[in-house]
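J.: test case, fold it:
(one chain, ligands or ions: 1)
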Amino acid sequence: MIALDNVAYHYGGAELFSQLTLSLEPGSFHFLTGPSGAGKTTLLKLCYGALQATSGEVRVFDTPATALDRDQIAMIRRRIGVVHQNCEFLDHLSIAENIALPLTVSGRLDLMENLTDLLGWVGLAKQMDQLPPELSGGERQRAALARAVIMSPDVIIADEPTGNVDWEMSQRLLTLLVELNRMGKTVLIATHDLNLIRTAKSQVAARVLRLKGGQLLQAGAEL
Ligand SMILES: Nc1ncnc2c1ncn2[C@@H]1O[C@H](COP(=O)(O)OP(=O)(O)OP(=O)(O)O)[C@@H](O)[C@H]1O
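T.: The predicted structure is shown next:
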């Protein structure tokens, strides 16, 4: 679905990594871990086409990321749901309106009927009319996940989806992500939380990759 072949990325003159190779097969579940600043967010952005590789090839749904036309970029936005690290919302819109925003922006009002079910699934039915600043950290993370999946994407890419929430809430978020994977979605999660990864491994056949010093390796003893 998404493949990186010998990919390098430089910010200005500084090389973050080179020769990275990664393949996300349909229905797979991957964790990406590694120290702060190793390049996890950058790697995720390459996977969903928000950054272009300095060299090497990124293929998204079998199309080179450098060759995407406007329609294909719109298709990628629909087929890849992203949970960003700092889940930001429009503070003057309710939580339900924020979650539904991808539908209103893309004109997919036919999918609006899914909104109520989705709010229930993430446990935010009661909070649907509240404004984002009125929500707790865990509620905001769940709202961000709901917004990422409302277009029914094939791939979910989540950057620290359990950052700033307690253990119980991170378990709840993990359960939602595992459920999505059981529905056939491909899941890629960047996280520092090794406990979360350990717990997930008892629930799902997850592959764990560690990005460190510009190298992407299978995680080992630390798990
Ligand atoms: N827009 C940018 N311009 C220049 N350097 C950047 C930019 N974005 C990130 N960097 C640098 O690239 C490196 C990798 O950043 P990135 O956010 O990908 O790491 P990360 O592994 O996700 O970190 P964290 O775990 O702290 O979120 C860092 O040193 C960061 O300062």
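J.: for the rest of this, base every contact and every neighbour count on C-alpha atoms.
T.: OK.
J.: what about the strands in the chain?
T.: Assigned by DSSP state E, the strands in the chain fall at 2-11, 14-24, 29-33, 55-60, 63-64, 80-83, 155-159, 186-190, 206-212, 215-218.
J.: packing partners for the last one?
T.: Under the contact definition 3 or more Cα pairs under 8 Å, 6 or more residues apart in numbering; DSSP states H and E, strand 215-218 sits against strand 14-24, strand 206-212.
J.: residues from this structure in reach of the ligand?
T.: Tyr11, Pro35, Ser36, Gly37, Ala38, Gly39, Lys40, Thr41, Thr42 (Cα under 6 Å from any ligand atom).
J.: and with 5 Å instead?
T.: By Cα under 5 Å from any ligand atom, the part of the chain that sits against the ligand consists of Tyr11, Ser36, Gly37, Ala38, Gly39, Lys40, Thr41, Thr42.
J.: what subset of those is buried?
T.: Ala38, Gly39, Lys40, Thr41, Thr42 (16 or more other Cα atoms under 10 Å).
J.: who touches the third one in this structure?
T.: Applying Cα atoms under 8 Å, 6 or more residues apart in numbering, one finds that Lys40 lies in contact with Leu32, Thr33, Gly34, Ala190, Leu211.
J.: so what's Gly214 closest to, chain neighbours aside?
T.: Phe17 (4.1 Å; Cα to Cα, 6 or more residues apart in numbering).
J.: list the buried residues in the helix or strand of the chain with the lowest mean pLDDT.
T.: Ranking every helix and strand in the chain by mean pLDDT, DSSP states H and E puts helix 70-79 at the bottom, with a mean of 86. For helix 70-79, the neighbour count (16+ other Cα under 10 Å) marks Ile73, Ile76, Arg77, Arg78, Arg79 as buried.
J.: can you give me the angle that helix makes with strand 55-60?
T.: Between helix 70-79 and strand 55-60, the angle comes out at 70 degrees (axes from the mean of the first three to the mean of the last three Cα atoms, to 10 degrees).
J.: biggest helix in this structure, by residue count?
T.: Ranked by number of residues, the top helix in the chain under DSSP state H is helix 167-182.
J.: many thanks, have a good one.
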